[in-house]
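Q: Sequence and predicted structure are below.
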Amino acid sequence: MSSSSSPTSTEFKKGSIVSLHGLVRAKHLNGRDGIVISGFDRKTQERVAVRIVPLGDEKTKDARIKPENLSLHRACEVKITTNEGKGDKCPVCINEMDVEDWTGKVRSRMVCCGKSICSSCNGYRMDKDKEFQLKLSESVEETKRLIAEGKRDEIDVNALQQLIHGQEQFRHTTNRCCLCRAEAPKSVREAAKLVRQRAEGLGGAKKWAWAQYSLGNKYQNGAGVSKDDSLAFYWFIQAAMTQTDGQTPNMSQAIGACYMAGLGVEQSTSEALKWLKAAAEAGHAVAMHAVGQIYEKKGNSAKVIEWWKKGAEAGHAGAQSDLAFCYENSVHGAKLDLEKAKHWLKKAAEQGNAIAQYNLGGLLLRTEGQSAFAEAKRLCALSAASGYQDAQNMLMALNDSNNVKIV
């Protein structure tokens, strides 16, 4: 990434990506990247708080550095591609794989060699292991029962041993990459280490955009690394810059979400809308919902309905729930339509959206009365189990029929 020269101190805002140079006492940091974590502050001797991007097994460390020892990286421009991986064939089943979508369920990436297999082939391996585990569990329980009943002579020891041996053999096979035969990571920390190696491209190796994006996700969720929003944003931007033919919608959505919530970068509605809208226009349903939320804050009701409808039709539960609320309460210019509200609430509830489950239960009670009591109670129980407080309160009322008045 190229750098601009002689930036003023006020240009260093939270989330600015910088290069370090001209340091005397910390010469080993010259040429390294950092990310501004709190912006310029004159009260701290006119220095900028920078988080040094750790390499390899380094621990994360912060430093206060003079502006003259920092160069801003050039801005990352929005450039979306929807053709990443198009035409790829699964090396296992040879079927053509779909382009990775917003659900993240289309293909599975091998962190050892960086190659992908289709979700069906990866699902088969997981399902087969679960099948072995279920059979083994049933066999163990049956053995315990026979022992408890004093029927030890009826225990089929050979069958149990064969089952255990079969599972061990299967796991020995599947614990290695089906493509490069490298041993699979034994922990999330080990997986993160492999991803970091491919993201950093140490020793002149190629830097992979998919690994940089994955490492960003790991920092954002604390998966195998310490949770760090600043480093998550850094690696999302790195991925977007490395992907020279354009960012994937997933990368653009991740960057936009950081700007929207101020995660690792200074909050900016304009930047959030720029990145999220690009992803949304490329078919990213999560971004569609977020764009609708931004327009809701701006008071643009027509755009709210437009983007939530697109997100709902693309299958995003949050967009479905919010769109249903508009139809149920006639807000954002939507005409009152309880049937449409029910339709979208059901779609969202089926995906486990707790708010939709609660709202659908309440809507059914209001529109269908006593005949919907059992279904409304079931939906409230599902919502309550997810920790939704309003549903927990409603469920308590429904459990006490004397306190329930259906109108």
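A: Structure's in. What do you need?

Q: Going by C-alpha atoms from here, please, whenever you check contacts or count neighbours.
A: Noted.

Q: who touches stretch 310-319?
A: For stretch 310-319, the external contacting residues (C-alpha atoms under 8 Å, 6 or more residues apart in numbering) are 283, 285-286, 288-289, 308-309, 320, 323, 344, 347-349, 351, 353.

Q: Now flag whichever of those residues is closest to residue 194.
A: residue 286 (28.1 Å; C-alpha to C-alpha).

Q: hmm, back to that, just the ones in helices from the contacts of stretch 310-319, please.
A: Among the contacts of stretch 310-319, DSSP state H puts 285-286, 288-289, 308-309, 320, 323, 344, 347-349 in helices.

Q: Look up the closest residue to residue 91, ignoring the ones flanking it.
A: Distances taken as C-alpha to C-alpha, 6 or more residues apart in numbering place residue 117 nearest to residue 91, at 6.5 Å, with adjacent residues excluded.

Q: Kindly apply the preceding question to residue 214 instead.
A: Residue 214's closest residue in space is residue 195 (C-alpha to C-alpha, 6+ apart), at 7.2 Å.

Q: Mind checking what secondary structure the one you found has?
A: At residue 195, secondary structure determined by DSSP: H, G, I helix; E, B strand; the rest coil is helix.

Q: Now do it, the pLDDT please.
A: Residue 195 is assigned a pLDDT of 94 by the prediction.

Q: Verify the stated contact: it with residue 211.
A: Yes. Under the criterion of C-alpha atoms under 8 Å, residue 195 makes contact with residue 211 at 5.4 Å.

Q: what's the single longest helix in this protein?
A: helix 119-148.

Q: Are there helices or strands packed against that one, and which ones?
A: With contacts defined as 3 or more C-alpha pairs under 8 Å, 6 or more residues apart in numbering; DSSP states H and E, helix 119-148 has these neighbours: strand 107-109, helix 157-174.

Q: what is the mean pLDDT for that helix?
A: In this model, helix 119-148 has a mean pLDDT of 78.

Q: roughly how far apart are residue 357 and residue 106?
A: Distance, residue 357 to residue 106, using C-alpha to C-alpha, to the nearest Å: 27 Å.

Q: These two: who's more crowded?
A: When residue 357 and residue 106 are compared for neighbours, residue 357 comes out ahead with 29 against 16, by other C-alpha atoms under 10 Å.

Q: was I right about that one contacting residue 384?
A: No. Taking contacts as C-alpha under 8 Å, residue 357 lies outside contact range of residue 384: 9.2 Å.

Q: That's all I had, so thanks and see you.
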